[in-house]
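J.: sequence plus the predicted model coming up.
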Amino acid sequence: METAPKSINDLSPREWQVMKLAAEGKTYKGIGTELGISDRTARFHMEGAKAKFGVPTRMQAIARFSKDSRAGAPKE
């Protein structure tokens, strides 16, 4: 049974931070530097967000995040 894609409100706080920085155009390395985590950990959080959004690519996740964050209050 397939579950419905989730919204930005279902992201963990760290997934939200990673998505926000990715939407600003930062690379995994840049995200890691800004958050004090490795680029591999930043990628891990992106994978979690992609799974929750039900999309296969980083760009689709960013587009979904950007659309949803404009529609509602950001979670920080």
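T.: Sure thing, it's come through.
J.: all contacts plus neighbour counts: C-alpha atoms, from now on.
T.: Fine.
J.: now the residue nearest to the spatial centre of the chain: which helix or strand?
T.: The residue lying closest to the centre of the chain (Cα atoms, centre = their mean) is Met19, at 3.0 Å. Secondary-structure assignment from DSSP states H and E places Met19 in helix 13-23.
J.: could you pull out the buried residues of that helix?
T.: Buried residues in helix 13-23, counted by 16 or more other Cα atoms under 10 Å: 15-23.
J.: and whichever strand or helix holds Lys67, average pLDDT?
T.: Assigned by DSSP H and E, Lys67 belongs to helix 58-71. Throughout helix 58-71, pLDDT has a mean value of 89.
J.: what about this protein, any weak spots by pLDDT?
T.: 1-4, 71-76 (pLDDT under 70).
J.: thinking again about what came up before, which one of the buried residues of helix 13-23 is nearest to Lys52?
T.: Lys52 lies nearest to Glu15 out of these, by Cα to Cα, at 10.1 Å.
J.: with Phe53 as the reference, measure out to the closest one.
T.: Separation of Glu15 from Phe53 (Cα to Cα, to the nearest Å) stands at 11 Å.
J.: using the three-state scheme, assign Glu47.
T.: helix (DSSP: H, G, I helix; E, B strand; the rest coil).
J.: look up how far Gly36 lies from it.
T.: Applying Cα to Cα, the value for Glu47 to Gly36 is 18 Å.
J.: of these two, who's got more company?
T.: Glu47 (18 against 11; other Cα atoms under 10 Å).
J.: from Lys29, how far out is the more buried one?
T.: From Glu47 to Lys29 the distance is 15 Å (Cα to Cα).
J.: pretty sure Arg58 is touching Lys50, no?
T.: Yes. Between Arg58 and Lys50 there is a contact under Cα atoms under 8 Å: 7.0 Å.
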